[in-house]
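Asker: how would this look folded up:
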Amino acid sequence: MVAWPALINVPSAGRTDIGGWPSNVSDTARGDAPLTGGAGATVTVAIACYNQGRFLADAIASILGQHRPADAIILVDDGSTDDTNAVALAHPGVAYLQQPNAGLSAARNAALAVARTSHILFLDADDRLWPGALAHALACFAARPDIAFAYGGYRNVALDLTPIAVCPPVSKPDAFVAMLHDNFIGMHGTVLYDVAKLRGIGGFDTRLPSCEDYDVYLKLARHHPIACYPHIGADYRRHGASMSASAARMSRIARQVLKRQIDSGLTAEQQTAARAGLAFNRRHYSYQLIGMIRRQPTALPRLVWAGLREDRCFAFRLIRAAASALRRLPR
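Answerer: Next up, the predicted model:
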């Protein structure tokens, strides 16, 4: 069910001040940007939520705190059994859509289907936008109206929003070739899409249980330019329940996404980049597992077996990492 006016306007009086921004970060880096984005540009921010009601108020507050206000906010409740409904109803300016649990891609597609704006950003329920995210992303569209999406950097934070690390945005001259090698965007919550172009590729692939954002990036970057804004766009909350915590599944599906691109026909340069991407993916996953072994030595048999299943070079990498660790021991 969804009930809303033709376009939900978020009044500037309804914006809230969001705490937690580093005091040593400049106003520009924090997002104190002019209101830009081109004449007539409108923005929806969509939140897909499945049993993350405890984080939802933070996510909504970060949208209301934008210096360039969102024109519409859509919350898709993907069959939650927690207090998501109650949190949504406490925010009357948010369009609330309920559906049986169908997964993240289906929830995002539901928001895309009803969005009535020219641009859309998808924020996970456990993450937060920085105040200038929409303004900075729209500035990219004002400068290059032909881009499919704009993205920025992000900050990793703990469950309680304690900062972990800032990840500045990376800009590549040939974005599609670079993305075949590695998903350098990092956080989906910083990405603002052209609605028409995203609909043009059919939205998010509901057959993919994860890496659906990587799949969309590749499809769009193959046929359209993209742009990077040189600012931090969002906080990426890292915790055990986050989807990215499942390293084995993410690695496997990322390789599936890359193989689709290879099978669809690539130039020689693109083929080389994609095959390098497959190797990079396996190597990256192996070193993730080795890091887990260091932190959880009691899980050694399970983690080693997982590595051997996914990467034929895992034993070599593990032995090399162990030898390096032994060399660093005090004599």
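Asker: Could I get the full set of strands for this structure?
Answerer: Taking DSSP state E, the strands of the chain run over residues 43-49, 72-78, 95-99, 119-124, 128-129, 149-157, 163-167, 192-194, 227-237.
Asker: Take those and lay them out in JSON lines including mean pLDDT and distance to Leu89.
Answerer: Heads up, the C-betas are built off the backbone N, CA and C, glycines and all. What follows is the strands of the chain, written out as JSON lines (pLDDT from 0 to 100; distance: least, CB to CB, whole Å):
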{"stretch": "strand 43-49", "mean pLDDT": "97", "distance to Leu89": "13"}
{"stretch": "strand 72-78", "mean pLDDT": "97", "distance to Leu89": "10"}
{"stretch": "strand 95-99", "mean pLDDT": "95", "distance to Leu89": "7"}
{"stretch": "strand 119-124", "mean pLDDT": "97", "distance to Leu89": "19"}
{"stretch": "strand 128-129", "mean pLDDT": "97", "distance to Leu89": "21"}
{"stretch": "strand 149-157", "mean pLDDT": "96", "distance to Leu89": "27"}
{"stretch": "strand 163-167", "mean pLDDT": "94", "distance to Leu89": "32"}
{"stretch": "strand 192-194", "mean pLDDT": "98", "distance to Leu89": "27"}
{"stretch": "strand 227-237", "mean pLDDT": "96", "distance to Leu89": "23"}
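Asker: how about CSV for these, with distance to Arg295 and mean neighbour count added?
Answerer: As requested, those are exported to CSV (distance: least, CB to CB, whole Å; neighbours: other CB atoms under 10 Å):
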stretch, distance to Arg295, mean neighbour count
strand 43-49, 30, 27
strand 72-78, 31, 26
strand 95-99, 38, 19
strand 119-124, 25, 25
strand 128-129, 27, 26
strand 149-157, 17, 24
strand 163-167, 15, 13
strand 192-194, 36, 26
strand 227-237, 20, 23
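Asker: mind putting those strands in JSON lines, distance to Leu180 included?
Answerer: Formatted as JSON lines, the strands of the chain follow (distance: least, CB to CB, whole Å):
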{"stretch": "strand 43-49", "distance to Leu180": "27"}
{"stretch": "strand 72-78", "distance to Leu180": "30"}
{"stretch": "strand 95-99", "distance to Leu180": "33"}
{"stretch": "strand 119-124", "distance to Leu180": "23"}
{"stretch": "strand 128-129", "distance to Leu180": "28"}
{"stretch": "strand 149-157", "distance to Leu180": "17"}
{"stretch": "strand 163-167", "distance to Leu180": "20"}
{"stretch": "strand 192-194", "distance to Leu180": "20"}
{"stretch": "strand 227-237", "distance to Leu180": "17"}
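Asker: looking at those strands, which is closest to Gly265?
Answerer: Relative to Gly265, the nearest member of the strands of the chain by CB to CB is strand 149-157, separated by 23.1 Å.
Asker: chain center to the closest one: distance?
Answerer: Strand 149-157 has its average C-alpha position 8 Å from the chain's average C-alpha position, going by CA atoms, centre = their mean, to the nearest Å.
Asker: repeat for stretch 66-86
Answerer: On CA atoms, centre = their mean, the centre of stretch 66-86 falls 16 Å from the chain's centre.
Asker: That one: end-to-end distance?
Answerer: By CA to CA, to the nearest Å, the extent of stretch 66-86 from end to end equals 23 Å.
Asker: Isn't Phe184 up against Val170?
Answerer: Yes. Counting by CB atoms under 8 Å, Phe184 touches Val170, with 4.6 Å between them.
Asker: Who's the closest spatial neighbour of the residue minimising distance to the centre of the chain, skipping the chain neighbours?
Answerer: Centroid check for the chain by CA atoms, centre = their mean gives His188 as the closest residue, at 1.8 Å. Once flanking residues are discounted, His188 sits nearest to Asp213: 4.3 Å by CB to CB, 6 or more residues apart in numbering.
Asker: any idea how far the residue nearest to the centre of the chain lies from Lys172?
Answerer: Note on His188: its distance to Lys172, by CB to CB, to the nearest Å, is 17 Å.
Asker: Check which residues of the lengthiest helix in the chain are buried.
Answerer: Ranked by residue count and defined by DSSP state H, the top helix of the chain is helix 268-295. The neighbour-count check on helix 268-295 (16 or more other CB atoms under 10 Å) flags 270, 273-274, 277-278, 280-282, 285-287, 289-290, 292-293 as buried.
Asker: Quick one: distance of it to the chain centre.
Answerer: Remark: helix 268-295 is offset 19 Å from the chain centroid, using CA atoms, centre = their mean.
Asker: Average pLDDT for that helix, rounded please.
Answerer: The pLDDT scores in helix 268-295 average 87.
Asker: Show me what it is packed against.
Answerer: helix 175-181, helix 247-263, helix 300-310, helix 314-327 (3 or more CB pairs under 8 Å, 6 or more residues apart in numbering; DSSP states H and E).
Asker: List the neighbours of the third one that are in contact with it.
Answerer: Contacts with helix 300-310, where a contact means CB atoms under 8 Å, 6 or more residues apart in numbering, come from 248, 251-252, 282, 285-286, 289-290, 292-293, 296, 314-315, 317-318.
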